[in-house]
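J.: Task: produce atomic coordinates for the following.
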Amino acid sequence: MRRTLQILLLTTLMLASVAALAAGLSRKQRNLLEEAQNAYGATIRWGSAEDAIGYLDPDYRKAHPLTELELRRYSQIRVSSYRERSTGAMPDGSVERRVEIGVINVNTQAERLVLVREVWRWDAEGKRWWQASGLPDLWPES
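T.: A predicted model of the protein is given here:
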C-alpha cells in the first residue's frame, strides 16, 4: 500500500512537471512553482486564511479585499485533506491546478469534499509565483 502511494505521488509530480514544461517554463520557474504550490497547500491545510492571503496576487487582493465576515467564516472549518487532481498550462502562460479539499465544519463535525480551481501567475519582475484566483471557495452552491 505504501509503495502504491509513493508511485501515485511520483506520477502526480511528473505530470505536474510535464504540464509546466509544456507551458514553456524554465527549470527555475518550475521549481519555484512547485515550492509555492506546496507551501500554499500546506498553509491551506495547516495554517489560517490570514496566512494564505500572503500567497495571493497583490492585484487580486486589491480588487477583492477579504472582509472580516469572510475571514471568520474560514475559522468555522478545518481542512482535512488537500490533494492536487490535475495541472495544466494556460494560453497566457499561467498554470491552472485543480485541487480536492476535504473540509470539516467545526460545529457539526460533518466532512465534505470541495473541488477548487487555482490559477498561478508568474511575476517576472518579482521572480515568483502568485495564486491569482483567490482563497478557495469552500462553500460552493449546489
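
J.: got the CA coordinates for stretch 132-141 in CSV?
T.: The C-alpha trace of stretch 132-141 is given here as CSV (Å, rounded to 0.1, in the frame of the first residue of the first chain):
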residue,chain,number,x,y,z
ALA,A,132,-4.3,34.6,-8.8
SER,A,133,-7.8,33.1,-8.2
GLY,A,134,-8.3,34.0,-4.6
LEU,A,135,-8.7,31.8,-1.5
PRO,A,136,-10.6,28.6,-2.1
ASP,A,137,-14.4,28.8,-2.1
LEU,A,138,-15.2,26.1,0.4
TRP,A,139,-18.9,26.9,0.3
PRO,A,140,-19.9,26.3,-3.3
GLU,A,141,-23.6,26.4,-4.1
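
J.: Now it: average pLDDT?
T.: For stretch 132-141, mean pLDDT rounds to 92.

J.: what do you get for stretch 82-90?
T.: Averaging pLDDT along stretch 82-90 yields 95.

J.: Dump that stretch to PDB, keeping only the CA atoms.
T.: Listed next in PDB are the C-alpha coordinates belonging to stretch 82-90 (Å, rounded to 0.1, in the frame of the first residue of the first chain):
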ATOM      1  CA  TYR A  82      -5.600  18.900   0.200                       C
ATOM      2  CA  ARG A  83      -4.900  16.900  -3.000                       C
ATOM      3  CA  GLU A  84      -3.900  18.000  -6.400                       C
ATOM      4  CA  ARG A  85      -6.000  16.400  -9.100                       C
ATOM      5  CA  SER A  86      -4.700  18.000 -12.300                       C
ATOM      6  CA  THR A  87      -2.400  20.700 -13.500                       C
ATOM      7  CA  GLY A  88      -2.300  22.400 -16.900                       C
ATOM      8  CA  ALA A  89      -0.800  25.300 -18.800                       C
ATOM      9  CA  MET A  90      -3.000  28.100 -19.900                       C
END
